[in-house]
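> Generate coordinates for the sequence data below:
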Amino acid sequence: MRRRTLGCLLVPLLFQTACQSQEELKQEKYFVEGYQLYTEHCANCHQTDGKGLEALYPPINGSDYLKNKEKVICLIRYGQNEPIVVNGRRFNRPMPANPQLTDIDVAEITTYIYNKWGGETVITDVKEASKVLDTCRVQRQR
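Okay, here's the model as predicted:
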């Protein structure tokens, strides 16, 4: 009886996975891994709901700052030490850099943020993130 119950649970899951395109599977992977990385590296300040922490840390959820994805990608890796204005409010706390995050990590976090709170339904591909991160790195060296 137990095997039959387990089989009834697994068969629909396998069928669903088999029916997804490679692109859908990739988006799901980026989103889930981005969620895990966001929870580990970002949620402490920006909170799990993305609404930030009062006057200390800016919101991501509903943020006008999401209009510039390149800046967001740079912030995830390199942080920021100067004040930032989000939704007309000034935030003065520095955002620490995350140099340990790989390009794919940054792409997955960006995918999660933009799919969850930025109105997107596509991935931020690692190639796109790498290109932006290279540009950021060069600009920071000047």
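> in which helix or strand would I find the spatially most central residue of the chain?
By CA atoms, centre = their mean, the chain has its centre lying nearest to I109, at 2.2 Å. Following DSSP states H and E, one finds I109 within helix 103-116.
> still on that earlier bit, list the contacts for the residue nearest to the centre of the chain?
I109 makes contact with 34, 37-38, 41-42, 76, 101, according to CB atoms under 8 Å, 6 or more residues apart in numbering. Glycine gets a C-beta too; all of them are placed from N, C-alpha and C.
> Quickly find the element holding the nearest residue to P99 once chain neighbours are set aside.
Among residues not flanking P99 along the chain, R77 sits closest, at 6.8 Å (CB to CB, 6 or more residues apart in numbering). Assigned by DSSP H and E, R77 belongs to helix 69-78.
> C-alpha coordinates for the longest helix along the chain, CSV please?
Counting by DSSP state H, the longest helix found in the chain is helix 22-41. In CSV, the C-alpha atoms belonging to helix 22-41 read as follows (Å, rounded to 0.1, in the frame of the first residue of the first chain):
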residue,chain,number,x,y,z
GLN,A,22,14.6,23.1,-21.3
GLU,A,23,14.0,26.8,-20.9
GLU,A,24,11.3,26.3,-18.3
LEU,A,25,13.5,24.0,-16.4
LYS,A,26,16.4,26.5,-16.5
GLN,A,27,14.2,29.3,-15.3
GLU,A,28,12.9,27.1,-12.4
LYS,A,29,16.5,26.2,-11.5
TYR,A,30,17.6,29.9,-11.6
PHE,A,31,14.6,31.0,-9.5
VAL,A,32,14.9,28.2,-6.8
GLU,A,33,18.7,28.6,-6.5
GLY,A,34,18.3,32.4,-6.5
TYR,A,35,15.8,32.1,-3.7
GLN,A,36,18.2,30.1,-1.7
LEU,A,37,21.1,32.5,-2.3
TYR,A,38,18.9,35.5,-1.6
THR,A,39,17.8,33.9,1.7
GLU,A,40,21.4,33.3,2.7
HIS,A,41,23.0,36.6,1.5
